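In: Would you be able to build a 3D model of this:
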Amino acid sequence: MTHMADFDAMPAPTHPSAELLDHDAEAREVVAPLVDTLLERMTAVGWDRRTAASALMFSAAAQVSALTDRKWAA
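Out: Numbers count the residues shown, from 1 in each chain. As a prediction, the model looks like this:
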């Protein structure tokens with residue numbers, strides 16, 4: 001059995017958002033095990049891993065779009 005990431009225990013960023021590349025890389029490192037855990041849980045209950053990953057990508061893109069829309073509306 002693989003280790004399941006704890007959704008309640010994640011580190012805060014150590015790089016400020018002004019350090020875009022390091023800040024972004026750090027966020028990806030934090031998110032990766034959470035995504036793996038979510039995909040494992042979805043496949044465990046019968047979802048195809050590719051479908052689950054596609055749904056996550058769509059949901060993430062929708063979040064980015066919503067934030068971009070709010071930024072331009074302000």
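In: in the worst-scoring helix or strand of the chain on mean pLDDT, what's buried?
Out: Scoring the helices and strands of the chain by mean pLDDT, DSSP states H and E places helix 49-73 at the bottom, with a mean of 87. Across helix 49-73, burial judged by 16 or more other CB atoms under 10 Å covers 52-53. Bear in mind the C-beta positions are built from the backbone N, C-alpha and C, glycine included.
In: hmm, who's touching that helix?
Out: Applying CB atoms under 8 Å, 6 or more residues apart in numbering, the contact partners of helix 49-73 are 35, 38-39, 42-43.
In: one more time with 6 Å
Out: Residues outside helix 49-73 that contact it (CB atoms under 6 Å, 6 or more residues apart in numbering) are 39, 42-43.
In: repeat for stretch 21-39
Out: With contacts defined as CB under 6 Å, 6+ apart, stretch 21-39 is touched by 4-5, 10, 13, 15, 17, 49, 52.
In: redo that, cut-off 7 Å
Out: Here stretch 21-39 makes contact (CB atoms under 7 Å, 6 or more residues apart in numbering) with 4-5, 7, 10-11, 13-17, 49, 52-53, 56.
In: Counting neighbours, show which residues of it come out buried.
Out: For stretch 21-39, by 16+ other CB under 10 Å, it's 26, 33, 35, 37-39.
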